[in-house]
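*Asks:* Provided below for reference: sequence and predicted model.
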2 protein chains.
Amino acid sequence: MTRMMPSTDRSLPIALLRARERVMGPIRALLSGAGLTEQQWRVLRVVQESGPIDPTQIADKACLLLPSLTRILQKLEEKQLISRERDTEDRRRQVVQIAPAGEKIIADNLEASLELMEQTRLKMGVERYEALLDLLNELDRIDLPE
Amino acid sequence: MTRMMPSTDRSLPIALLRARERVMGPIRALLSGAGLTEQQWRVLRVVQESGPIDPTQIADKACLLLPSLTRILQKLEEKQLISRERDTEDRRRQVVQIAPAGEKIIADNLEASLELMEQTRLKMGVERYEALLDLLNELDRIDLPE
DNA sequence: CTGAATTACTTAACATGTTTAGCAATTGCA
DNA sequence: TGCAATTGCTAAACATGTTAAGTAATTCAG
């Protein structure tokens, strides 16, 4: 069973994709019940955890590009899950806050979402799961192209 | 250093995203020089490696959903990088093959692309890189929701 | 103090992701 | 044999990813 070029199997980019699909599938199913996409949920959670925060920082924490975030914030504001206002110090900036309806959606779904992740963690084995997280974080830190 | 909820740091979905961004950034830059997206490149490589193949199998190997693949194949056919014909046995199916211009694009970019992955592998350390691949593949196999 | 950078976001345009529908060819079973 | 599933792919609609441009507010050098 000789191994060819990094065909679909030993290819890191594909492996990362497949793994992500596996993990997110159930979570997406849960969130679609709440009428949220995975990204909207991520933004909502960041805003809730951090308190008042500006879009640039949200983008960083939620791993989104600003153009995507712009649209997502518009949607979340339409749905009245967040509120926005200009920063009084620096009027280029905004301050984003979670709204009551947003708090409620999080309260209604956080537990189930954490439970899904915990199941993954157990199915995979806690040690391997943690090792995987460490390796992923390391990859993110180390592979800085010149 | 107490650890909170799986905030942005120990969250597997986000870690997978960040890692993928880190790895794909340089590759995307390379491919954009050839006028290809990352997904188009993936499809092209699958078709080249496998020989004549149908869309369903391409989707599986390239980790794409069929609707995305439909559009990508249309683009690649427009650019004359692949050719398609109906399967004579089962006329629902297609047979996709790489075209000469497609072979050329691969010949022109494969080495540099493999080189980028090899750099990542070395920067991260070969052992950890392989361990990461194993863990990712394991995650893909093990976390089958009931 | 003033105009050239820079910063924080927004818009636009194109490609893909994701779900749901749809259509044609084929299978399976009564 | 006939017709209800099933299969393989496409279309459509909406959301995000990605890059490039654009805008307004701020900073900073001269």
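*Replies:* Perfect, thanks for sending it.
*Asks:* pLDDT (mean, whole number) over the helix or strand hosting residue A:71?
*Replies:* Applying DSSP states H and E as the criterion places residue A:71 in helix A:66-78. Helix A:66-78 shows a mean pLDDT of 98.
*Asks:* Repeat that for stretch A:46-53.
*Replies:* Mean predicted lDDT for stretch A:46-53 stands at 97.
*Asks:* Quick check: buried residues in that stretch?
*Replies:* For stretch A:46-53, the neighbour count (16 or more other Cβ atoms under 10 Å in any protein chain shown) marks A:46-48, A:50, A:53 as buried. (Each C-beta comes from the backbone N, C-alpha and C, glycine too.)
*Asks:* Now the element after the helix holding residue A:71, going C-ward?
*Replies:* By DSSP H and E, the next helix or strand past helix A:66-78 is strand A:82-86.
*Asks:* Against residue A:114, how distant is the residue lying closest to residue A:110 once chain neighbours are set aside?
*Replies:* Among residues not flanking residue A:110 along the chain, residue A:45 sits closest, at 7.8 Å (Cβ to Cβ, 6 or more residues apart in numbering or on different chains). As defined by Cβ to Cβ, to the nearest Å, residue A:45 lies at a distance of 11 Å from residue A:114.
*Asks:* Next: residue A:141.
*Replies:* From residue A:141 to residue A:114 the distance is 26 Å (Cβ to Cβ).
*Asks:* So the longest helix along chain A, near DNA strand C or not?
*Replies:* In chain A, taking DSSP state H as the definition, the longest helix is helix A:100-124. No. Contact of helix A:100-124 with DNA strand C (Cβ under 7 Å from any atom of the strand) is absent, the minimum separation being 14.2 Å.
*Asks:* quick check: angle from that helix to helix A:66-78?
*Replies:* Between helix A:100-124 and helix A:66-78, the angle comes out at 120 degrees (axes from the mean of the first three to the mean of the last three Cα atoms, to 10 degrees).
*Asks:* anything in helix A:100-124 sitting right up against DNA strand D?
*Replies:* No. Against DNA strand D, helix A:100-124 shows no contacts by Cβ under 7 Å from any atom of the strand, the least distance being 13.8 Å.
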